[in-house]
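Novice: fold the stuff below for me.
(one chain, ligands or ions: 1)
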Amino acid sequence: MNSKPYTLLIVDDNPNNLFSLHALLDRLLACRVIEAQSGVAALGILLEERVDLVLMDIQMPGMDGFETASHMKMTEKTKDIPVIFITAFFQDGEFVRHGYEIGAVDYLTKPLDDNLLLNRLRLYLQLFEREKGLQTTLSLVQQKEHALEQVNQELEARVMERTRELEIRNQMLEREIAERKAVELELRHAKQVAEEAARAKSDFLATMSHEIRTPMNVVIGMCDVLLDTRITIQQREYIIKMQNAGGMLLELINDILDVSKIEAGQLLLMEDTFDPCQLLNHTVEMMGLAASRKGLELTLETSPDLPEFILGDPVRLRQVVFNLISNAIKFTDSGQISIRLSRDIARDGASWLQMTVQDSGIGISTEKLDCIFEKFTQADSSITRRFGGSGLGLTISRRLVSMMGGSIQVKSRPGEGSTFQVRIPCRMAYASESLPHHVTEIAEDSHSSTLCATDYPPAQQEVIPEDINLNILLADDSEENILVIQAYLMNTQCRLEIVENGLQALEKFKEKRFDLVLMDIQMPVMDGCEATKRIRHWESQVGIAATPIIALTAHAMMDVTQKIKNAGCDMHMTKPVRKKYLIEIISYFQKRRVSSQGALKGSS
Ligand code: ADP
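Specialist: Predicted coordinates for the structure are as follows:
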């Protein structure tokens, strides 16, 4: 194998010239030298061998140097091989230009100067070397370009594929968005329908409860009137039974109404200042009789660090307490029920009011513990028969407590009793004006009015109906309610003026002086709140003292407590209004009137 990187072809018709040239060129170590004695022979060699440079004599017999070079130019393989012409004498410019035109790169004249020739050739070899380097670099660059091109193409293909994928995904996303929008629209529509249904349900319940409640009020009220007449012991027993049944029915209506209001998001908590110890004391006092009738001990323990006043909804808190204690009484046959009220400061510094109702009753099995807070759920269906109840009390209690920001927990074991614990945020407050406790009691307690007559706590001082003597304005559109109030006041010395709506009440009030106003809230033409507001406005314009106004509300209207207060009512009573309390309240305002008149006289 030839180890020399370059090949030189020397072409001369003179063998001597060839010999001496060959000998000279052998000094160029990097070159292999091939000889050709004619142009034709040179062309033949050029076609077979790879030649880097041709040194060619111009004057040759047959095909001369120019012709040979012209042939080389025409052949693809040989057209780029550089040719150095060797000429015997100096030629003119025309001759030389011709040589360059047909591919000569150089001319050398004979006799050849050895050093010049060698140096020239070395120069060419250097050029070849550089070109070779350049070629290598070029081919490398080309290779890289090619690779780059390939990468580029791959990248483009990948980008295209990804773009297609993205387009597909985009389409899917667009479809999904469209579907979601459609679902959202459907949901919104369904929500609207559900809201309308909830509203219709709650309207229906409100109407029904009003419809059931109105005749029930008469039944319970008339029982009160009957109980005050001359009757036998047995008749009394029957009437009390009838009244109890009416009370239970009203309680059930109240519960159903509360649940549906909570579910419709229509139940709002009011914000008031109250004494938590007093609230518990009154509730326990009120339930004492029911407990002692079953031979149960009912105790209340309050811790000394309780705040005097807190902020919250006393009506609803009382409802929860009432429900837990009445359950404890209902499900306990013997033993005791202990109620504890305390304050708990959590690690984060938050203050909680903690109320525990513990009984020694039948208890609840572990698997039933969770479901007793569900609507219409009772621990045992046989209990339904034995104990009665709607299964709504705990549902309402839990929802109310959670609306207050608190929780109810229960621990129980069958046969060993149950412990219910209520925790609500304890927000401190300062004292507010308050009515004597038995009066506020009635004003605030939505459920007490639905209890049986004998369950009420005894009045602090016996009130004799015949002693009460006030000018009372009664504004009520319900004939039945009017009938009941009239019957209640029959044996008193009170004078009752009756009007059918708020506007008439306002006009009558401006016409005549009254000692007390009984104002129904739900009335046609002008409601009780509006009428009260206008009465208060008129009083301040005219400059007379405010006349006590007692609002009469249906349970369904319990959420208007705040509104009633804002309107300027002194207090409110929940229907059915019970005779005993109406008389007590009238007597309270009569005493207040007498003492304020006394004070006036004293000061004048
Ligand atoms: P109701 O008492 O009207 O059935 P509640 O929602 O108040 O409805 O109570 C649901 C059920 O939880 C009751 O029926 C009873 O099975 C169980 N329960 C509640 N309180 C007690 C208790 N103190 N002791 C035993 N079981 C109780």
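
Novice: need the per-residue pLDDT for the residue in the stretch 51-200 of the chain positioned nearest to the ligand.
Specialist: Of all residues in the stretch 51-200 of the chain, Ala198 sits closest to the ligand, at 21.9 Å by Cβ to the nearest ligand atom. (Glycine included, C-beta is placed from N, CA and C.) If you check Ala198, the pLDDT there is 75.

Novice: skipping adjacent residues, who's closest to it in space?
Specialist: Ala264 (4.5 Å; Cβ to Cβ, 6 or more residues apart in numbering).

Novice: what sits opposite Met355 in the beta ladder?
Specialist: Leu341, Val422 (DSSP bridges).

Novice: test my guess that it contacts Cys426.
Specialist: No: contact criterion Cβ atoms under 8 Å: Met355 and Cys426 do not qualify, at 10.8 Å.

Novice: which of these two has more neighbours?
Specialist: Each of Met355 and Cys426 has its neighbours counted (other Cβ atoms under 10 Å); Met355 has more, 24 against 20.

Novice: wait, a helix at Gln135?
Specialist: Yes: under DSSP: H, G, I helix; E, B strand; the rest coil, Gln135 sits within a helix.

Novice: wait, what's in contact with it?
Specialist: Taking Cβ atoms under 8 Å, 6 or more residues apart in numbering as the definition of contact, Gln135 has no neighbours.

Novice: state the distance from it to Gln126.
Specialist: 15 Å (Cβ to Cβ, to the nearest Å).

Novice: ok, now Leu117?
Specialist: 15 Å.

Novice: okay, these two: which has more neighbours?
Specialist: Per other Cβ under 10 Å, whichever of Leu117 and Gln126 has more neighbours is Leu117, with 18 against 10.

Novice: A helix includes that one, no?
Specialist: Yes: under three-state DSSP, Leu117 sits within a helix.

Novice: Three-state assignment for the closest residue to it other than its chain neighbours, please.
Specialist: Counting by Cβ to Cβ, 6+ apart, Leu117 lies nearest to Leu108, which is 6.3 Å off, once chain neighbours are set aside. Assigned with three-state DSSP, Leu108 falls in the strand class.

Novice: what's the distance between the helix or strand containing Glu195 and the middle of its chain?
Specialist: For Glu195, the enclosing helix or strand under DSSP states H and E is helix 114-227. The chain centroid and the centroid of helix 114-227 are separated by 24 Å under Cα atoms, centre = their mean, to the nearest Å.

Novice: residue contacts, the residue nearest to Met208 when sequence neighbours are not counted?
Specialist: Distances taken as Cβ to Cβ, 6+ apart put Ile253 closest to Met208, at 8.0 Å, once the chain neighbours are dropped. For Ile253, the contact set (Cβ under 8 Å, 6+ apart) comprises 208-209, 212-213, 555.

Novice: turn these into TSV, columns for neighbour count.
Specialist: Compiled in TSV, the contacts of Ile253 are given as follows (neighbours: other Cβ atoms under 10 Å):
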residue	neighbour count
Met208	14
Ser209	20
Ile212	14
Arg213	22
His555	22
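
Novice: which one in those residues is the model shakiest on?
Specialist: Within the contacts of Ile253, pLDDT is lowest for His555, at 63.

Novice: pull up the per-residue confidence for Thr454.
Specialist: Per the predicted model, pLDDT is 29 at Thr454.

Novice: repeat that for the one 4 residues further on.
Specialist: At Pro458, the model reports a pLDDT of 40.

Novice: hey, where'd the helices end up in the stretch 401-550 of the chain?
Specialist: Assigned by DSSP state H, counting those that start in this stretch, the helices in the stretch 401-550 of the chain fall at 437-444, 479-488, 502-511, 528-542.

Novice: any low-confidence regions in the chain?
Specialist: 1-2, 89-91, 206, 375-390, 430-463, 555-559, 597-604 (pLDDT under 70).

Novice: tell me which stretches of the stretch 1-150 of the chain form strands.
Specialist: 6-11, 31-36, 53-57, 83-87, 104-109 (DSSP state E, counting those that start in this stretch).

Novice: among the ones you listed, which is the most enclosed?
Specialist: Comparing these by mean neighbour count (mean count of other Cβ atoms under 10 Å), strand 53-57 ranks first with a mean of 25.

Novice: picking that back up, and the furthest pair within the contacts of Ile253?
Specialist: Met208 and His555 (12.6 Å; Cβ to Cβ).

Novice: against the ligand, how distant is the closest residue to Phe331 other than its chain neighbours?
Specialist: The spatial neighbour of Phe331 that comes closest, neighbours along the chain excluded (Cβ to Cβ, 6+ apart), is Gly361 at 4.2 Å. To the ligand, Gly361 is 5 Å away according to Cβ to the nearest ligand atom, to the nearest Å.
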